[in-house]
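Engineer: Fold the following for me, if possible:
(2 chains)
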Amino acid sequence: MADHTLDAKGLNCPLPILKARKALKEVPAGGTLEILATDPGSVADFEAFCRQTGNELLEHSVDDKIYRFLIKHTAS
Amino acid sequence: MSSEQKSMSIIVTKGSLDWAYPPFILATTAAAMGLPVTMFFTFYGLPLLFKKLDLQVTAAGNPAMKMPMMGGHMGLPNLVTAIPGVDAACSVMMKNLIKKKGVASIDDLREAAVDLEVRMIGCQMTMDLFEYGQEDMIDGIEIGGAATYIECATQADINLFI
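Structural biologist: You can find the predicted model right below:
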């Protein structure tokens, strides 16, 4: 179970990323953030976001057009 | 994570509803990814700093602007765009689409840019030219000129002109 969950369903680029960045600030270092999104572009975008920011993308999956991401807050 | 801190600057030259998106999307996303970002608003980009945004879109001279309609896509001949009220109708249609598709409003993106501490500079010359004052602009922006921007651009890894 993630420490925090962000519901970004129905939001389009770049809102899932902007809201994720804000939500990550509430997650303590080492904690996890779960993000739910419907934007198909969010898959590539969260991969890029994590590579750039140094946070770890632990999992991502898709189920019935809902994309789920689990990010570990590892960046300083 | 990249070993060194990258930064970005954007020259914002267009202030229509559609063209307001690329600079604000890129600026907020880059800032969310940890990059220091500077936006320099000049000429028709300057109104994007006004306290009250009243953004419009026009299909005039833009054959690529086609709206989804009745299962297809519809553009407007230039002559039709000259009819009073057509631009306003296009703008309403575009704003409805934006809302329906979960796309952020420019107000929201600009607010996000402020939250993310994006440095926003209004062009002094443009303000003089079109007779605007700092009281017309949102709080927290700087006023500067070409040299202010160039100094910033020499430090930035990504410099965009939009």
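Engineer: Going by C-alpha atoms from here, please, whenever you check contacts or count neighbours.
Structural biologist: Fine.
Engineer: could you pull out the helices for chain B?
Structural biologist: Taking DSSP state H to define them, one finds helices in chain B at B:21-32, B:78-81, B:86-100, B:106-115, B:124-129, B:146-155.
Engineer: which one's the longest helix in chain A?
Structural biologist: With secondary structure taken from DSSP H, chain A has its longest helix at helix A:42-53.
Engineer: now the angle between helix B:21-32 and that helix, please.
Structural biologist: Here helix A:42-53 runs at 50 degrees with respect to helix B:21-32, directions being taken by axes from the mean of the first three to the mean of the last three CA atoms, to 10 degrees.
Engineer: Distance of the residue lying closest to B:Pro22 once chain neighbours are set aside relative to B:Val114?
Structural biologist: Closest residue to B:Pro22 apart from its sequence neighbours, by CA to CA, 6 or more residues apart in numbering or on different chains: B:Ile162 at 7.5 Å. B:Ile162 sits at a distance of 19 Å from B:Val114 (criterion: CA to CA, to the nearest Å).
Engineer: repeat for A:Ala2
Structural biologist: To B:Val114, A:Ala2 is 29 Å away according to CA to CA.
Engineer: same question, A:Leu33
Structural biologist: From A:Leu33 across to B:Val114, the span is 24 Å (CA to CA).
Engineer: Out of those two, name the residue with the larger neighbour count.
Structural biologist: Between A:Leu33 and B:Val114, A:Leu33 has the larger neighbour count (other CA atoms under 10 Å in any protein chain shown), namely 23 against 17.
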